[in-house]
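I would like to see how this sequence folds:
(one chain, ligands or ions: 1)
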Amino acid sequence: PIPVIIDCDTGVDDALALLFAVRHPGLDVRAVTCVAGNTDVDGVVRNTLTVLEYAGAGDIPVARGAERPLIEPVRTAGHVHGQDGMGDLGLPAPTRRPVDVDAVTLLRREILASPRPVTLIPTAPLTNIALLLRTHPEVTRNIERIVFMGGAVTTGNATPVAEFNVWHDPEAAAILLTAGVPITMYGLDVFKRVLVPAADVARLRASPEPRLRLAGELLAHRDPATSGDPTPTGGLGDAGAVCAVADPAGLTTELLPVEVSLAPGPARGQTVVDRRPRPGESEIHEGAREQTLVDVALDVDVERYVKLWLTAVEG
Ligand code: BDR
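Below is the predicted model of the structure:
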């Protein structure tokens, strides 16, 4: 199996990502690290531990990470994920505790200890990852690649042009994009498209198995447009980024220059993706600038990822 570490801000769809990751036989989840984002970091730790218990994940180490972005204040997303970050489903408190080292320390330890290079899957603001890269740059020698949920080629969600995870900590995202390791950007353009059909959500919600019922309730929560509908259709959200690691052939990507807009103002947090077929005027006149090429997701096989996710979670 592929050794992976998930850095998350659980979060309804982070929970869907965790449920999939620990159940998929092709993935070996070495650690899970938590960061402020969808909810405050202590809430993220609690939610993550609870979800891992539902998933029957054993004793995968979980660490608490950054409680705020590098520069911005914390701006949680209770309007999307509920006040507790988990759809206010009234889930039980976890019985386990996080490890007694911080997320950056755990990331370093697990990356360097892994016999095979690790794939990092951040599904959250990139604060922990930026701190890791700046504090322990030697980790890059044992990172296979970083597949992150964040950014957008076209339209944003936090602002007209910025996606939430990048908008929450734009400086951290900029550090990630210049990490010098292969990076895949699983952005909003594909994120929004992977929807589990209503009949599957209904089946999960009716299951006697707590793990599957939780998955169904979380999927149901993801569809605000049909809230109150007994058979809603749910987005896999962050879980799609984990599917992209388990089954890269389901994703169509292109290596493109990507830069994060850091200036204050309406474009802050935008991932500016250069899709021009030829160099533009500035490059012709000034010579090519050093550009970071990122493998940007442009299309996704929706049915394939829904089937992949359901098979692993229900299996
Ligand atoms: C991202 O922001 C969060 O609300 C989701 O969990 C996802 O990681 C989408 O913009």
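
distance from the chain centre to stretch 61-78, please.
Centroid displacement of stretch 61-78 relative to its chain, using C-alpha atoms, centre = their mean, to the nearest Å, is 14 Å.

mean confidence score for that stretch?
Per-residue pLDDT values over stretch 61-78 give a mean of 94.

after the host helix or strand of residue 189, next one along is what?
When secondary structure is defined by DSSP states H and E, residue 189 falls within helix 188-191. Beyond helix 188-191 on the C-terminal side, the first helix or strand identified by DSSP H and E is strand 195-196.

name the SS class of residue 109, please.
For residue 109, the reduced secondary structure class is helix; criterion used: DSSP: H, G, I helix; E, B strand; the rest coil.

and it, how far is that from residue 101?
In this structure, residue 109 and residue 101 are separated by 7 Å, where distance is defined by C-beta to C-beta, to the nearest Å. Where you see a C-beta, it was placed from the backbone N, CA and C, and this is true even at glycine.

and the two? which has more neighbours close in?
Between residue 109 and residue 101, counting by other C-beta atoms under 10 Å, residue 109 is the more crowded of the two (18 against 14).

residue 103 is in contact with that one, correct?
No: contact between residue 109 and residue 103 fails when scored by C-beta atoms under 8 Å: they sit 10.7 Å apart.

residues in contact with whichever residue of the stretch 151-300 of the chain sits closest to the ligand?
For the stretch 151-300 of the chain and the ligand, the shortest gap (C-beta to the nearest ligand atom) falls at residue 164, measuring 3.5 Å. Residues in contact with residue 164 (C-beta atoms under 8 Å, 6 or more residues apart in numbering) are 37, 77, 125, 150, 157-158.

repeat the analysis, applying 10 Å as the threshold.
Under the criterion of C-beta atoms under 10 Å, 6 or more residues apart in numbering, the contact list for residue 164 reads 9, 37-38, 75, 77, 80, 124-125, 149-150, 152, 156-158, 188, 269.

pLDDT of the helix holding residue 189, averaged?
Average pLDDT, helix 188-191: 96.

sorry, back to before: got any residues that touch both of residue 109 and residue 101?
With contacts defined as C-beta under 10 Å, 6+ apart, the residues shared by residue 109 and residue 101 are 61, 63.

hmm, residue 151 is touching residue 173, no?
Yes: with contact defined as C-beta atoms under 10 Å, residue 151 counts as touching residue 173 (7.3 Å).

more neighbours: the two, which one.
For residue 151 versus residue 173, the count of surrounding residues by other C-beta under 10 Å is larger for residue 173: 32 against 29.

surely the more buried one meets residue 124?
No: counting by C-beta under 10 Å, residue 173 sits too far from residue 124 to count as a contact (11.0 Å).

picking that back up, between residue 109 and residue 103, which contacts overlap?
Between them, residue 109 and residue 103 share the neighbouring residues 31, 63, with contact defined by C-beta under 10 Å, 6+ apart.

so residue 180: helix, strand or coil?
With three-state DSSP as the criterion, residue 180 was assigned coil.

ok, the residue nearest to it when sequence neighbours are not counted - contacts?
Distance criterion C-beta to C-beta, 6 or more residues apart in numbering; nearest residue to residue 180, sequence neighbours excluded, is residue 140 at 6.0 Å. Applying C-beta under 10 Å, 6+ apart to residue 140 gives the contacts 111, 117, 132-133, 146, 179-181.

please enumerate the strands of the stretch 151-300 of the chain.
With DSSP state E, counting those that start in this stretch applied, the stretch 151-300 of the chain shows strands at 183-186, 195-196, 234-235, 251-260, 271-273, 293-300, listed in chain order.
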